[in-house]
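Peer 1: need a structure here:
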Amino acid sequence: MAFRPCYTADAVLNLLLQDADGQYLADPASDDTSGSSSDGEIYSDDESLGRGAETADHAALPPASLSVAGEAPATTSVAEVGEPQQESDDDVDVLATAFWEREVDTAEVAANYIFRHPPPLDADVEEMPVAADATPADADLEVMPVAAAATPADADLEVMPVAAAATPADADLEVMPVAVAAAHFPVAVPACGAVGCGCSKKCLTMFDAKDIESYRLAILSLEKSEKDMLLMGLLISVQYAATETTSRGGKRKHAYFDYCHQGEPVCAGAFRYLNNIGNSALKNLKRHLADNGPVPRRHGNTGRKPHHALTFEHVKLIADFIKGYAAEFGLPHPAPLHGRANQPPVFLPASETFKSVHGMYKTLCTEKDVRHAGISAFRSIWRSCFPQVKFMTARTDVCSHCEDHRHAVSAALSEADKTRALESYTAHVHGAQRERQEYRQATERARDELTTNQPAFAPPYTPCTQPLRCVHYTFDFAQQVTLPHMARQPGPLYFKTPRKVQLFGVCSEAIPRQVNYLLDETQTIGVNGTKSHGANCVASLLHDFFEHHGHGEEECILHADNCAGQNKNRTVINYLAWRVIVGLHRKITLRFMITGHTRCLVDGCFGLIKQKYRKSDTYTQAQLTAVVNQSAHCNTAEAGGVTWYAWDTFFDQCFKKIKGISTFHHFVFDSGTPGTVVVKELVDSEPSNVSILNCDPSTLSSESLPSTLASGGLTEERKKYLYKEIRPFVIDPYKDDLCPPPPSSAAAGAAE
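Peer 2: Numbering: from 1, shown residues only. Alright, predicted model coming up:
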């Protein structure tokens, strides 16, 4: 005979439901309320399950101190238990019914009872006899954890096999401490599966636990409608009889089912557990199947209109209000913002919101004594009927011409003035859109050509040696960055002037690949970082890029913004014309997009650099170079090493000025007509030829370059400022690299 203590929550509850003679305290299905609450929860006369105050001698009470209300508590010692009580099938069914129908949480009840009835500290734990047939020989056994405090340190421990089927598969149980359960509840484990599915046949033990788990998970993954159809199919397959009776003057249908799973007959409880459905839900599904057949269920309110729903008149009133408000206060945009939109947007003032406009609508309805809709319905109708009516967003770096046109449209008093202002606004926007379309087409042609003729990019290439005629570049300056820079910037550093680094990028958009020139204050043409955006600087940077990072193309297209001081000036125009004349390119097309509408890929690469820069601690130019290289695979850093040339004075005697250069956006330089520039105001404007060469083209050569310019460096005052104000914010290894001592301070230190 085997011996083992029981400490599962089911065995604890099994004890709670029995008196000293092994009989259950109350039948959950009976009408007798003694020992059972009105809501189906079982309790004792001393309310030890959490329904009242504790008694003073709980620790002295034996474990089986539960009885029917009104009777004296029964006491049972360990020795009196003897062989385990054999429950009858009826008792087991009653217990299972109480568990299944009323959903008693066995773990919660057991834990609550143990909390209120702690075992005596000097309790003697005895081994309890367990019937030899309590665990079938072929049962799947699991090793249950035993608390170290349950057994003295010098005791011989044995592994206690517990039948896996002793715990119902659908119960959320917790393992109770051995020291508490073994000393407080020394009873035998119920027969395997006695409380499994709720029947004496132990239906769930016929299936493997992993198969049950996988089947339940598959059921849980179904949608509600899919699960209903599956269960109705199962019910049809197991239905064996249907009768019709008359009760209370009406006919009632009764259906009978032989439940089964994987070809094996199971009880109703096992069927519900396996298919993850409750008793009430299964009854409703059976009723629907009997009344309507195997068709999807529909909610009773489907198709019904709520009593508080808005009528057509209410919706029309909201639509008229929004339409009138947009016509009075909205600013119509001349064209759709993107290709998917089929209507040009109408922008309302940025100071307004859905809530403020709804407040105006609500006030109007109150004045007219008309029912008003809530803000959610108001917003829903707005978005459904007028998706093109939007609120302006707060933005920076917007087109000044667009803003002027918008103010002109808003300020127009008459319809004629408003029409003229809107036409001017429309012409401006359409021109910007055509320039943007030309930019996109140039990028696509360059990508197609480079993929076909030069799939691998390995610069440098000798200028004008590759059969490429559609290479596309964009160039621009980014906002300067400063050193040192910390992700967590100290407050006082905000009011200082750290060391500045300029960022100039040239992007080959077909790859894409962008070369970013990092220009420290000591490396610019002017002193203290000045003259870093001038015409000589831009022309020298472009010259360095073509020499060391270009594709070696014969023809190229350049896009830049409309900044006159940097890009759109006489020096840059003359430099591109000079490249064509001396044979470094056969043809160059320079295009400037409309002011305020100049966003391009070079700005996107700058944005990637700024994202990485904001999260990095950077103290030196070498660290800044690493930040640029790590920001994206398309970004490459070039720190210093650029030779500055005096291009402006070099071209003074060779080229003439172009009159009205600010009005043109397209410049074409062709080797077939050296010294002549084809200019156009817009992409679809009529071209005109302008001669800018003032000398014989044969006198110009690529070997003859302008004189070089030395870098300006830092003044003594700037060095002192960096040493005194910025050096304290730099960590020790980089202080001398970024903010070295000025010569006067270094000499004083050497003298000391």
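Peer 1: Could you look up the SS state of the residue nearest to Ala412 when sequence neighbours are not counted?
Peer 2: Excluding the flanking residues, the one nearest Ala412 by Cβ to Cβ, 6 or more residues apart in numbering is Lys418, at 3.7 Å. To be clear about C-beta, it is placed using only N, CA and C from the backbone, and glycine gets the same treatment. Of the three states, Lys418 takes helix according to DSSP: H, G, I helix; E, B strand; the rest coil.
Peer 1: Surely Lys418 is in contact with Val409?
Peer 2: Yes. Proximity of Lys418 to Val409 meets the contact threshold set by Cβ atoms under 8 Å, at 6.1 Å.
Peer 1: and the two? which has more neighbours close in?
Peer 2: Using other Cβ atoms under 10 Å, the more surrounded residue of Lys418 and Val409 is Val409, with 19 against 16.
Peer 1: The more buried one: what's it in contact with?
Peer 2: Contact partners of Val409, counting by Cβ atoms under 8 Å, 6 or more residues apart in numbering, are Leu331, Pro332, Lys418, Ala421, Leu422, Tyr425.
Peer 1: Over to Lys286?
Peer 2: Leu235, Ala255.
Peer 1: Same check on the one 4 residues further on?
Peer 2: Going by Cβ under 8 Å, 6+ apart, Ala290 touches Ala242, Lys253, Ala255.
Peer 1: Can I get whichever strand or helix holds it in CSV, CA atoms only?
Peer 2: Using DSSP states H and E, Ala290 sits in helix 279-292. In CSV, the C-alpha atoms belonging to helix 279-292 read as follows (Å, rounded to 0.1, in the frame of the first residue of the first chain):
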residue,chain,number,x,y,z
ASN,A,279,-23.5,26.2,-20.4
SER,A,280,-25.7,29.2,-21.2
ALA,A,281,-23.9,29.9,-24.4
LEU,A,282,-24.3,26.3,-25.6
LYS,A,283,-28.1,26.4,-24.7
ASN,A,284,-28.5,29.6,-26.7
LEU,A,285,-26.7,28.0,-29.6
LYS,A,286,-28.9,24.9,-29.5
ARG,A,287,-32.0,27.1,-29.4
HIS,A,288,-30.8,29.0,-32.4
LEU,A,289,-30.1,25.8,-34.2
ALA,A,290,-33.5,24.4,-33.5
ASP,A,291,-35.3,27.6,-34.5
ASN,A,292,-33.3,28.8,-37.5
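Peer 1: and that helix, how far from the chain's centre?
Peer 2: Centre-to-centre, helix 279-292 and its host chain are 41 Å apart (Cα atoms, centre = their mean, to the nearest Å).
Peer 1: what's the model's confidence in that helix, averaged?
Peer 2: Throughout helix 279-292, pLDDT has a mean value of 90.
Peer 1: What are the buried residues along that helix?
Peer 2: Using 16 or more other Cβ atoms under 10 Å as the test for burial, helix 279-292 gives Leu282, Leu285, Lys286, His288, Leu289, Ala290.
Peer 1: which other helices and strands contact whichever strand in the chain runs longest?
Peer 2: Counting residues, the longest strand found in the chain (DSSP state E) is strand 471-483. Where contact means 3 or more Cβ pairs under 8 Å, 6 or more residues apart in numbering; DSSP states H and E, strand 471-483 is packed against helix 415-453, strand 499-508, helix 535-548, strand 555-560, helix 601-614, helix 621-631.
Peer 1: for those, which one sits closest to His585?
Peer 2: For His585, the closest of the helices and strands packed on strand 471-483 is strand 555-560, at 6.5 Å, according to Cβ to Cβ.
Peer 1: Poorly predicted segments of the stretch 151-300 of the chain, please.
Peer 2: 151-196, 247, 249 (pLDDT under 70).
Peer 1: Checking my notes, Glu226 in a helix, right?
Peer 2: Yes. Under three-state DSSP, Glu226 sits within a helix.
Peer 1: Can we start the residue count at 45 from this point?
Peer 2: Yep, numbering from 45; the last one is Glu270 now.
Peer 1: Count the residues that sit near it.
Peer 2: Glu270: 12 neighbours (other Cβ under 10 Å).
Peer 1: And the one 3 residues further on, by the same measure?
Peer 2: Neighbour count for Met273, taken as other Cβ under 10 Å: 16.
Peer 1: how far away is it from Val671?
Peer 2: Note on Met273: its distance to Val671, by Cβ to Cβ, to the nearest Å, is 59 Å.
Peer 1: Return the closest of the contacts of Ala334 with respect to Arg513.
Peer 2: Nearest member of the contacts of Ala334 to Arg513, counting by Cβ to Cβ, is Ala299, at 81.8 Å.
Peer 1: What number of residues are in the vicinity of the closest residue to Lys659 other than its chain neighbours?
Peer 2: If you skip the residues right next to it in sequence, Lys659 has Ala531 as its closest partner in space, 5.4 Å away by Cβ to Cβ, 6+ apart. Neighbours of Ala531 under the rule other Cβ under 10 Å: 10.
Peer 1: try Arg292
Peer 2: Neighbour count for Arg292, taken as other Cβ under 10 Å: 5.
Peer 1: what's the answer for Lys764, then?
Peer 2: Lys764: 16 neighbours (other Cβ under 10 Å).
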